[in-house]
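*Asks:* Provide a 3D model corresponding to the input given below.
(chains A and B)
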Amino acid sequence: MRFQDAARDARAVVYAGIQADPLVARVAALLENATSAERLMARAAMNGERTDPDTWRRIFPALFGDRPGDGDRPGDERRRHAELVLAASLEVAERGEAARSQYRGAVVEELTARLLARRAALDATVRRERRVLFDGVRAEIHPYDVTVESAERPEVYDCKWGARGINADVLNQLDDAREHAADEDVDLRAAIVVFDGRRTCELRLARATAKHDRTRLVALESLDELREAKN
Amino acid sequence: MVPWSRAGRYATGVNELHEVVERAVAAYDALADLAETVEDEWQYVTDLVDAYMPGIRSLAAADPGRFLTVAQVAAVDEAIAEIGLIADPHKAIDWLSTFPHVVGLALGGDVDRPAGPAGDGSLGAGSEAAAAATSGSEPAEPDEDSPFRMLRGGR
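*Replies:* Predicted coordinates for the structure are as follows:
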């Protein structure tokens, strides 16, 4: 089994431009250090109809009012962070309906890569847009959004903005990769990261006929699990 | 900005929580009607509504006599106004997942764990709390994944 850069078609080249937009990195960096409530606000604002910040401050008063601090940050610092998350999310929304969906997808991928890279004892490389090749198996067309490339414990991640992106193709590809790796005695971890509520993802998965019982789900509320290596 | 209303300016008493939740329920119902027009996703839309509608309703059942702050009422009404602007049924599907959590966060409840008489009959967070009150034990912690719980102190 080995990882390989994906060949870029025209669509991938266009998408690479979005992935490289500094806005994507800025939103992902803010979400990396966000609370789940801030991530929920980001999801709502990036998918909203209105882009004036006052509207969103009213919808999420707990993030902007007299907010108590926590162990790490005082209240005013948490409010400032929420403001930054909101402003960046609205910048994505202001890109327009056609572009924002691509930006949102790129944000989830970047966020996933950043969280994985923060593992304390990571002895592997986190890469983007990579394929996995197996002996005697025809290569998959679509690359994995994020990979953790380790000889001991490789991982592949597919990233989705919403649970509706969970479909048979995605689940089959992840499970096939895991099975092919097992044929080569490699313990490949396959996961799907969804910037949506866990319960919603579980509803989607409950109707899925594709095999997914060995595929890990990382939903919006549990994104911080990506920082932790799973045994 | 949501229109001026008495409910939007003052905490008006015991019935206010129920009224706010009913407005959210009606808005969610309308959102589902729009989402249902995507025929390929009818089952998914139905599953979402079946899962989250009891969760929204349960927000009125948990501590029903409590007063809401002006900001809480405005938050729900503003979220209702937001989904009322949606015309794209695909976006409506996306919001069927988001809206319940936004309302839950505003009202300080957990839509993932319906509780009380408006819930789905399962042992949700509210009934656990009630059971704990009679037994003298501590109520069970809400789901670790709950955004509301995260807001109260965790990530």
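*Asks:* So what touches stretch A:186-194?
*Replies:* A:1, A:108, A:112, A:132, A:146, A:148, A:153-163, A:165-166, A:170-171, A:174-175, A:177-178, A:181-182, A:201, A:214-220, A:223, A:226, A:230 (CB atoms under 8 Å, 6 or more residues apart in numbering or on different chains). C-betas here are computed from N, CA, C, even on glycine.
*Asks:* now do stretch B:20-36
*Replies:* Residues contacting stretch B:20-36 (CB under 8 Å, 6+ apart): B:7, B:41-42, B:45-46, B:48-49, B:52-53, B:56-57, B:59-60, B:68, B:72-73, B:76-77, B:79-80, B:83-84, B:86-87, B:89, B:92-93, B:95-96, B:99-100, B:103, B:107.
*Asks:* Among these, name the ones in helices.
*Replies:* B:7, B:42, B:45-46, B:48-49, B:52-53, B:56-57, B:59-60, B:72-73, B:76-77, B:79-80, B:83-84, B:89, B:92-93, B:95-96, B:99-100, B:103, B:107 (DSSP state H).
*Asks:* near chain A too, which of those?
*Replies:* B:L48, B:Y52, B:Q72, B:A79, B:I93, B:W95 (CB under 8 Å from any CB of the partner chain).
*Asks:* surely the third one meets B:A106?
*Replies:* Going back to what we said before, that points to B:Q72. Yes. If you go by CB atoms under 8 Å, B:Q72 and B:A106 touch, sitting 5.5 Å apart.
*Asks:* more neighbours, these two?
*Replies:* B:A106 (28 against 20; other CB atoms under 10 Å in any protein chain shown).
*Asks:* Of all the residues in the lengthiest helix in chain A, which ones are buried?
*Replies:* Using DSSP H to assign secondary structure, the helix with the most residues in chain A is helix A:97-117. Applying a neighbour-count criterion of 16 or more other CB atoms under 10 Å in any protein chain shown, one finds A:100-117 buried in helix A:97-117.
*Asks:* I figured A:L226 hits A:V218, correct?
*Replies:* Yes. A:L226 is within contact range of A:V218, at 6.1 Å (criterion: CB under 8 Å).
*Asks:* shared neighbours of those two, which are they?
*Replies:* Common neighbours of A:L226 and A:V218 (CB under 8 Å, 6+ apart) are A:T112, A:V193.
*Asks:* Which one's more surrounded, the two?
*Replies:* A:L226 (25 against 21).
*Asks:* helix/strand/coil for the more buried one?
*Replies:* Secondary structure, DSSP: H, G, I helix; E, B strand; the rest coil: A:L226 is helix.
*Asks:* Not counting its neighbours along the chain, what's nearest it?
*Replies:* A:L115 (3.8 Å; CB to CB, 6 or more residues apart in numbering or on different chains).
*Asks:* ok, that neighbour - contacts?
*Replies:* With the criterion set at CB under 8 Å, 6+ apart, A:L115 makes contact with A:E32, A:L223, A:D224, A:L226, A:R227.
*Asks:* For the residue lying closest to B:W42 once chain neighbours are set aside, the count of nearby residues, please.
*Replies:* In space, and not counting its chain neighbours, B:W42 is closest to B:E36: 6.0 Å by CB to CB, 6+ apart. By other CB under 10 Å, 17 other residues sit near B:E36.
*Asks:* what's the spacing between B:E36 and B:R113?
*Replies:* According to CB to CB, to the nearest Å, B:E36 and B:R113 sit 26 Å apart.
*Asks:* Same check on A:R2?
*Replies:* Counting by CB to CB - A:R2 and B:R113 are separated by 45 Å.
*Asks:* who has more neighbours, the two?
*Replies:* B:R113 (25 against 11).
*Asks:* Do you know the pLDDT at that one?
*Replies:* On pLDDT, B:R113 comes in at 73.
*Asks:* name the element it belongs to?
*Replies:* According to DSSP states H and E, B:R113 maps onto no helix or strand at all.
*Asks:* Only the buried subset of the ones in helices among the contacts of stretch B:20-36, as a PyMOL command please.
*Replies:* Typed into PyMOL, the line below selects the buried ones among the ones in helices among the contacts of stretch B:20-36, using 16+ other CB under 10 Å:
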select buried, chain B and resi 7+45+48+49+52+53+56+57+59+60+72+73+76+77+79+80+83+89+92+93+95+96+99+100+103+107
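*Asks:* Show me which of the contacts of stretch A:186-194 are buried.
*Replies:* A:1, A:108, A:112, A:132, A:146, A:148, A:154-163, A:165-166, A:170-171, A:174-175, A:177-178, A:181, A:201, A:215, A:217-220, A:223, A:226.
*Asks:* Touching, A:P53 and A:L90? I think so.
*Replies:* Yes. Here A:P53 lies in contact with A:L90, judged by CB under 8 Å, at a distance of 6.3 Å.
*Asks:* of those two, who's got more company?
*Replies:* Between A:P53 and A:L90, counting by other CB under 10 Å, A:L90 is the more crowded of the two (19 against 15).
*Asks:* How about the secondary structure of the closest residue to the more buried one other than its chain neighbours?
*Replies:* In space, and not counting its chain neighbours, A:L90 is closest to A:T51: 5.0 Å by CB to CB, 6+ apart. In three-state terms, and counting by three-state DSSP, A:T51 is coil.
*Asks:* Just the buried ones among the contacts of stretch A:186-194: which are in strands?
*Replies:* A:V132, A:V146, A:V148, A:E155, A:V156, A:Y157, A:D158, A:C159, A:K160, A:L217, A:V218 (DSSP state E).
*Asks:* Quick check: the two most widely separated of those residues?
*Replies:* A:V132 and A:L217 (19.8 Å; CB to CB).
*Asks:* returning to what we had before: return the distance of the longest helix of chain A from the chain's centre.
*Replies:* Chain-centre distance of helix A:97-117: 6 Å, with CA atoms, centre = their mean, to the nearest Å.
*Asks:* Also compute the angle for that helix relative to strand A:155-160, please.
*Replies:* Relative orientation of helix A:97-117 versus strand A:155-160 (axes from the mean of the first three to the mean of the last three CA atoms, to 10 degrees): 150 degrees.
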